[in-house]
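S.K.: Build me a model from this:
(chains A and B, ligands or ions: 3)
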Amino acid sequence: MITLKFILNGKEVSITTEPHIRLLDLLRDKFDLTGTKEGCGVGECGACTVLMNGRAVNSCLALAAQVEGYEIVTIEGISNGDVLSPLQKNFLLHGAVQCGFCTPGMVLSAAALLDQTPNPTEEEIKDAIAGNLCRCTGYKQIVDAIKETAKELQVK
Amino acid sequence: MRSTTIEILFPRNLSEALSIFSDAKENLKIIAGGTDVVTGIQQESKRFIDTEVLVDINRIPEIKGIEVRKKKISVGAAETFSDILRNNLIQNELPLLWKACSSIGSVQIRNRATIAGNFVNNAPCADTVPVLLVYNATVEIESLSSKREISLQEFLQGPYKTQLNVNEIVTRINIPIPSKTFVGDFYKLGRRRAVSISRITLAVLMDMRGGIIDEIRIASGAVTPIGARLTGLEKFAEGKEVNDRFFKTLASKMGEEIIKITGLRWSSEYKLPVVQQMFYQLLKSIEQRSL
Ligand SMILES: Cc1cc2nc3c(=O)[nH]c(=O)nc-3n(C[C@H](O)[C@H](O)[C@H](O)COP(=O)(O)OP(=O)(O)OC[C@H]3O[C@@H](n4cnc5c(N)ncnc54)[C@H](O)[C@@H]3O)c2cc1C
Ligand code: FES
Ligand code: FES
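M.R.: Ligands and ions are numbered 1, 2, ... in the order given. Prediction:
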């Protein structure tokens, strides 16, 4: 067992765990952050996406011990309490959420994109979410929601 | 899911890492981005079933960074594909490498996966291998008691096999900056746009002078058991005059050479005509850009 210290959704946390469990399991089982989903478990679907030091990564491919000293953001850290983030609000407005299984990962991939590229092209949006599979929406609504959010954030 | 525990170590610098490796046994493995290792452990693959200790190399400054050293671009072994893609040196001087890195996996994979992890894993479909081969890349390897630098070609031994010993680590990959007269391209045919384990890759770098092929370097990936230079084909092409007919001849010769290397695998039958056509088009586009 090892004791890890890292920043989770803005708060410093410390936890004792087996070092080789996946970050995905650490978040879901030890922190009850079940917004992070497991789809494929092998890096192909993006349902488990979280931000690690601001970058989108698959939490099914990282080991718990590897987050020591890092900053992790899950979907639970994207909203401000009950107030949805602009991305979340626009996902809802544009019908980009159907069954919702892919949504946490999608929103985090989009958040990482907008953080680095505030005014992305359609190509850049598609590339940013290429590692997030959605079986329901056909992606157009998702791309629209991200575009709209970029526009709103530009105005501000 | 694995039941026995694995210990994970985080050396802070190279000498700390090298002393850990110095009395390493087969049960110790390096982990960088983990995109191959973690799936291997999860799926209890043969290569990881006995692993008891993982050494995370992401916090070792000596194996990071991209810089020019003696007319070569030296890329730290633990550089991620995302970092490589952001680097102007790579984009300007090694465009084939840039293109290959941009084709890998997804943003999430590129944010974690490292360049050394790609060729040390040495899957037949490792996308950086054919481009690193045409760039004549060399690999720097260290252990506590020795340091060596060998060509990537020598380093790669067979599918999932390299020259690396258990007490060694790849520290850097060094790539000679090609002269501006070299024009080339990388092509990958995958199943899906993102996250496709590539099925056919080709890298070509050509130096054409006065309509004659002065030097050509050709490497394939995924069609051959590991990424490999097609040296027979290169020799055949050098000194030849560039024209459409010659490119067609070269493309069909490439088919023969691949059959020779692979002894015709089940998938060759459909792959061959595709590779030949792709190769022909690559040559055409390189010719046009060379003028
Ligand atoms: C969903 C998905 C999509 C993918 N798509 C592609 C693709 O399109 N193209 C492609 O080529 N690959 C692809 N891959 C494979 C993988 O991402 C790459 O091979 C990657 O470069 C491996 O790097 P890593 O840092 O994650 O390696 P790790 O998993 O950390 O390590 C891989 C191997 O290399 C060894 N190793 C790592 N660094 C060193 C070092 N410095 N010295 C000595 N040994 C070392 C490890 O011990 C291990 O054996 C994909 C993987 C996934 C899961
Ligand atoms: S569960 Fe991690 S990518 Fe599918
Ligand atoms: S909304 Fe169902 S998978 Fe995307």
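
S.K.: you'd agree A:Glu124 is in a strand?
M.R.: No: according to DSSP: H, G, I helix; E, B strand; the rest coil, A:Glu124 belongs to no strand; its state is helix.

S.K.: Tell me, how many residues neighbour it?
M.R.: Using other C-beta atoms under 10 Å in any protein chain shown, A:Glu124 has 14 other residues around it. Glycine gets a C-beta too; all of them are placed from N, C-alpha and C.

S.K.: where's the closest residue to it other than its chain neighbours relative to ligand 3, distance?
M.R.: Computed as C-beta to C-beta, 6 or more residues apart in numbering or on different chains, the closest residue to A:Glu124 that is not its neighbour in sequence is A:Thr117, at 5.8 Å. To ligand 3, A:Thr117 is 23 Å away according to C-beta to the nearest ligand atom, to the nearest Å.

S.K.: Can you give me the pLDDT of A:Thr117?
M.R.: The model reports A:Thr117 with a pLDDT of 96.

S.K.: quick one: it from ligand 2, how far?
M.R.: With C-beta to the nearest ligand atom as the criterion, A:Thr117 and ligand 2 are 22 Å apart.

S.K.: Double-check that residue against A:Asp127; I have them as touching.
M.R.: No: using C-beta atoms under 8 Å, A:Thr117 makes no contact with A:Asp127, being 10.1 Å away.

S.K.: Which of these two has more residues huddled nearby?
M.R.: The residue with more neighbours, out of A:Thr117 and A:Asp127, is A:Asp127; 17 against 13, by other C-beta under 10 Å.

S.K.: quick check, the one helix or strand the more buried one maps to touching ligand 1?
M.R.: In this structure, A:Asp127 sits in helix A:122-128 according to DSSP states H and E. No: interface with ligand 1: helix A:122-128 contributes nothing (C-beta under 6 Å from any ligand atom), its closest point being 13.5 Å away.

S.K.: Can I get the next helix or strand after that helix as PDB, trimmed to CA atoms?
M.R.: Proceeding N to C from helix A:122-128, the next assigned helix or strand is helix A:140-155, under DSSP H and E. Taking C-alpha atoms only, helix A:140-155 is exported to PDB below (Å, rounded to 0.1, in the frame of the first residue of the first chain):
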ATOM      1  CA  LYS A 140     -22.900  17.100 -34.900                       C
ATOM      2  CA  GLN A 141     -24.700  18.300 -31.800                       C
ATOM      3  CA  ILE A 142     -21.600  17.900 -29.700                       C
ATOM      4  CA  VAL A 143     -19.400  19.900 -32.200                       C
ATOM      5  CA  ASP A 144     -22.100  22.600 -32.200                       C
ATOM      6  CA  ALA A 145     -22.200  22.800 -28.400                       C
ATOM      7  CA  ILE A 146     -18.400  23.200 -28.300                       C
ATOM      8  CA  LYS A 147     -18.500  25.900 -31.100                       C
ATOM      9  CA  GLU A 148     -21.200  27.800 -29.300                       C
ATOM     10  CA  THR A 149     -19.300  27.700 -26.000                       C
ATOM     11  CA  ALA A 150     -16.100  29.000 -27.700                       C
ATOM     12  CA  LYS A 151     -18.100  31.900 -29.100                       C
ATOM     13  CA  GLU A 152     -19.700  32.700 -25.800                       C
ATOM     14  CA  LEU A 153     -16.300  32.600 -24.000                       C
ATOM     15  CA  GLN A 154     -14.800  34.900 -26.700                       C
ATOM     16  CA  VAL A 155     -17.500  37.500 -26.100                       C
END
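
S.K.: Return the residues of chain A in contact with ligand 2.
M.R.: Counting by C-beta under 6 Å from any ligand atom, the residues of chain A close to ligand 2 are A:Glu38, A:Gly39, A:Cys40, A:Gly41, A:Gly43, A:Glu44, A:Cys45, A:Gly46, A:Ala47, A:Cys48, A:Asn58, A:Cys60.

S.K.: if you set the cut-off to 5 Å instead, what comes out?
M.R.: Contact residues, chain A versus ligand 2 (C-beta under 5 Å from any ligand atom): A:Glu38, A:Gly39, A:Cys40, A:Gly41, A:Gly43, A:Cys45, A:Ala47, A:Cys48, A:Asn58, A:Cys60.

S.K.: show me where chain A has strands.
M.R.: Along chain A, counting by DSSP state E, strands occupy A:2-8, A:11-17, A:49-52, A:55-58, A:71-73.
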